[in-house]
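Trainee: For reference, the sequence and a predicted model appear below.
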Amino acid sequence: MTTKRDFGFGYALLGGSLGLFATTGIAAAAEQITFVSQGGAYQQAQTIAILDPSAKKLGITINQDSIPDAWPAIKTQVGSGKPIWDVVDTPTGYCLRGGEQGLIEKLDFSKIPNAAAMPEAYRNPYSVSYEFYSSVLAFSQKTFPKDAPNSWVDFWDVKKFPGRRALRNHPIATLEAALMADGVAPDKLYPLDVDRAFKKLEEIKPHITVWWTSGAQSAQLLNDGEVDMEMAWNGRVSAVAKEGAKVAFTYNQGILQSTSLCILKGAPNLETAVKFLNEAVDPVHQANLPLNIDYGPGNPKAFDTGVIKPERAAQLPSEPANAAKQALMSYAWWSSPAGEAAEKRWASFMQK
Amino acid sequence: MLALVSPALLVILALIVLPVGWLAWQSIYHDGFTLENYRRVFTEDIYWRSFALTFEISLAVTLIALLLGYPVAYLANALPKGWSILILSLVVLPFWTSVLVRAYAWLALLQRTGVINQLLRYLDVISEPLPLVHNTFGTVVATVHILLPFMVLPLYATMQKIPGDLMQAGASLGASPSLTFVRVFLPLSLPGVLAGCTMVFVLCLGFYITPELLGGGRTVMVSMLVSRNVELYNQFGAASAVAVVLLASVLLIFAAVSRFISLDRILGQK
């Protein structure tokens, strides 16, 4: 996502070459921040729904950057002592882990009333939920025209639901699915029983054709009929369905995950960053996000604004009725020592 | 001469030597000297398995590339100029396509609903699709395709320098064509074989995108551990230790090979 940045650059050039426009001088003096997300259609949707309206309302300039995986860059920038970025949209686990390692600013929620009003499960000392997605059970409607698999128990049942399967090559959400397949209730998952989860995964391992690593790959597998069912992110499945492939998914026992906004330690525009963070989780801006992309708002109050029509809300992962069917991921557990140990154990599980 | 090469040397120093050195430094220094990152690489069995698999795959790819590449280079060398240019351009042509695109192209060919399986099923050769991809087999096939030019070009260069008179001399002394090939041509082409094999083997050791996309998650090569370790240990040292061990094995291979053939020859200088 560079359009916005390129525009900004273009204006700067224009201003620089003419050098006379008083407005340019004012714009340069105005408050600004650098905001970083993951690019693509997702960042474009945010620009329309959240970033441009926030910039207008606060009278600030939001410079955008994008990176698929912000974590190494956060480490390097803060490590150098002179970070360039202010606010980063990144998986909640990294905000927490970064906070514990002194890479992320601790938030003062008295200055962020919109976040303070959110349920406690939707925020932590270092970050605020920005948007929700879900790791769901997706399936081919060609293979399962009726009686489709509807839970992780079904996914594990290779007799009743024969077919090729794929899971993500990553422990996060996969261990949760394994435990639900073993009968653990979605709201009783944490702390995860890691031994039990890996034992259950050994059971399904011979039946897994592909362990996918990127969202694009999971979409391709489903689209080409390489697998009959898989764990995938809801937005990827609906994108494939929109292209005309006969695929569907269920939110039942989905694992509700989020990315969050956090501020780099020693961010160059700390005060403006805090103001922006509050504005970004404003219920109305948040309600506009799902009108532009298949992700749910990070602030549940967005559903009370009337902006999201009921039919649309029913498709979103964080809509209260959908959320109730799912497990809410505990990033606090995953960034705890037990969670980190589980993550390290994954590689030896895969290679055995 | 020095004035001419110094810009290139400076670029190499700034863009390769310094960053690599800095990463290597991080693998032993993190809030004080530590060998923890290396202890992990040498004691945890996931690393051993990954290194073993990486060497196995590289060996298989090298042998297959040699078997496929030698006849191609031989033909390009034996045929008239026009034909050899055509053959060599066909070898080099895929080289201009991105590795990522070629990986996806192989997916389209090899997967369950892919061209090969569809065709075999249509011809009633098989009743169930063959598992051609999402495993080590698919990884090896695509890697051979990508690395084949690195085998063919050094072979061709070496064969070009074998004087044709030697073959005629062999024939005039009564040797059959196959005997002249085995006794005269083959031994003279061995430096090219060694050069091509070294190039392919060493390049294959560092492959990342191909096994990532075509290995189905099970084929974990060393480069994938490097990227995984950045994520897992939250510090570059853990990842660079893996990279340093890989780099050291590459240097050892070069050192071993250079006992038999000068490095200039592998790198196409002579």
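Mentor: Arrived safely.
Trainee: nearest residue to residue 167 other than its sequence neighbours?
Mentor: Just so you know, I chose chain A. A:M231 (5.1 Å; C-beta to C-beta, 6 or more residues apart in numbering or on different chains). Every residue, glycine included, has its C-beta placed from N, CA and C.
Trainee: Can you look at chain B instead?
Mentor: Using C-beta to C-beta, 6+ apart, the closest residue to B:M167 is B:T180 (5.3 Å).
Trainee: Run through the residues that contact residue 237.
Mentor: If you meant another chain, say so; for now it's chain A. Contact analysis of A:V237 by C-beta atoms under 8 Å, 6 or more residues apart in numbering or on different chains lists A:136, A:138, A:219, A:222, A:247-249.
Trainee: My question was about chain B, not that one.
Mentor: So B:G237 contacts B:26-30, B:34, B:37 (C-beta under 8 Å, 6+ apart).
Trainee: follow-up on the earlier one: sort out which one of the contacts of A:V237 lies nearest B:V244 for me.
Mentor: Closest approach between those and B:V244, by C-beta to C-beta: A:A219, at 36.2 Å.
Trainee: okay but the closest one is in contact with A:A239, surely?
Mentor: Yes - in this structure A:A219 lies within contact range of A:A239 using C-beta atoms under 8 Å: 6.5 Å.
Trainee: quick one: which of those two has more around it?
Mentor: Neighbours per residue (other C-beta atoms under 10 Å in any protein chain shown) separate A:A219 from A:A239, with A:A219 holding more: 23 against 17.
Trainee: Can you say which helix or strand has the more buried one in it?
Mentor: helix A:215-223 (DSSP states H and E).
Trainee: count of neighbours near residue 56?
Mentor: Picked chain A for this. Count around A:K56 with other C-beta under 10 Å applied: 10.
Trainee: Hmm, no, I was thinking of chain B.
Mentor: Counted with other C-beta under 10 Å, B:E56 comes out at 12.
Trainee: looking at this, it is in a strand?
Mentor: No - read with DSSP: H, G, I helix; E, B strand; the rest coil, B:E56 is helix and lies in no strand.
Trainee: what sits against the nearest residue to B:L132 once chain neighbours are set aside?
Mentor: Of all residues not flanking B:L132 in the chain, B:L110 sits nearest, at 4.0 Å (C-beta to C-beta, 6+ apart). B:L110 makes contact with B:116-117, B:132-133, B:138, B:141, B:214, according to C-beta under 8 Å, 6+ apart.
Trainee: okay, B:L110: pLDDT?
Mentor: pLDDT, B:L110: 95.
Trainee: elements contacting the helix or strand just after the helix holding A:A219?
Mentor: Note on helix A:215-223: by DSSP H and E, the next helix or strand toward the C-terminus is strand A:229-233. Counting by 3 or more C-beta pairs under 8 Å, 6 or more residues apart in numbering or on different chains; DSSP states H and E, the packing neighbours recorded for strand A:229-233 are strand A:127-140, strand A:165-168, helix A:215-223.
Trainee: Extract the C-alpha trace of the second one and format it as CSV.
Mentor: C-alpha atoms of strand A:165-168 as CSV (Å, rounded to 0.1, in the frame of the first residue of the first chain):
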residue,chain,number,x,y,z
ARG,A,165,-7.3,-31.8,4.9
ALA,A,166,-5.0,-28.8,5.5
LEU,A,167,-4.0,-27.0,8.7
ARG,A,168,-1.8,-24.0,9.3
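Trainee: helices or strands next to it in the packing?
Mentor: Judged by 3+ C-beta pairs under 8 Å, 6+ apart, strand A:165-168 is in contact with helix A:174-181, strand A:208-212, helix A:215-223, strand A:229-233.
Trainee: average pLDDT across that strand?
Mentor: Taken as a whole, strand A:165-168 carries a mean pLDDT of 97.
Trainee: Direction included, what does it pair against?
Mentor: Sheet partners assigned to strand A:165-168 using DSSP bridges are listed as strand A:208-212 (parallel), strand A:229-233 (parallel).
Trainee: Of these, flag the one that's most buried.
Mentor: strand A:229-233 (a mean of 25; mean count of other C-beta atoms under 10 Å in any protein chain shown).
Trainee: quick one, the helix holding A:A219 and strand A:127-140 angle?
Mentor: Here helix A:215-223 points in a direction 20 degrees away from that of strand A:127-140 (axes from the mean of the first three to the mean of the last three C-alpha atoms, to 10 degrees).
Trainee: can you give me the mean pLDDT across helix A:215-223?
Mentor: Throughout helix A:215-223, pLDDT has a mean value of 92.
Trainee: Contacts only, for whichever residue of chain A sits closest to chain B.
Mentor: Using C-beta to the nearest C-beta, the single residue of chain A nearest to chain B is A:W211, 2.6 Å away. By C-beta under 8 Å, 6+ apart, the contact set of A:W211 is A:166-169, A:350, B:216-218.
Trainee: now the residue of chain B found nearest chain A: how far from A:M180?
Mentor: Closest approach between chain B and chain A, counting by C-beta to the nearest C-beta: B:G217, at 2.6 Å. Computed with C-beta to C-beta, to the nearest Å, the distance linking B:G217 and A:M180 is 21 Å.
Trainee: Same question for A:S214.
Mentor: Applying C-beta to C-beta to A:S214 and A:M180 gives a distance of 24 Å.
Trainee: Between these two, which is the more surrounded one?
Mentor: Of the pair A:S214 and A:M180, A:M180 is the one with more neighbours under other C-beta under 10 Å, namely 25 against 14.
Trainee: Report the contact partners of that one.
Mentor: A:151-153, A:186, A:189, A:253, A:327.
Trainee: Find me the pLDDT at it, would you?
Mentor: 98.
Trainee: mind listing the strands for chain A?
Mentor: Remark: strands assigned in chain A by DSSP state E are A:32-37, A:61-66, A:87-91, A:123-124, A:127-140, A:165-168, A:208-212, A:229-233, A:247-263, A:296-297, A:327-328.
Trainee: Get me the contact residues on the stretch 101-250 of chain A for chain B.
Mentor: With C-beta under 8 Å from any C-beta of the partner chain as the criterion, the stretch 101-250 of chain A meets chain B at residues A:101, A:164, A:169, A:209-213, A:217, A:220, A:224-226.
Trainee: could you dump those residues to CSV with distance to B:L75?
Mentor: What follows is those, written out as CSV (distance: C-beta to C-beta, whole Å):
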residue, distance to B:L75
A:Q101, 59
A:R164, 42
A:N169, 42
A:T209, 39
A:V210, 38
A:W211, 41
A:W212, 41
A:T213, 40
A:Q217, 38
A:Q220, 37
A:D224, 37
A:G225, 40
A:E226, 37
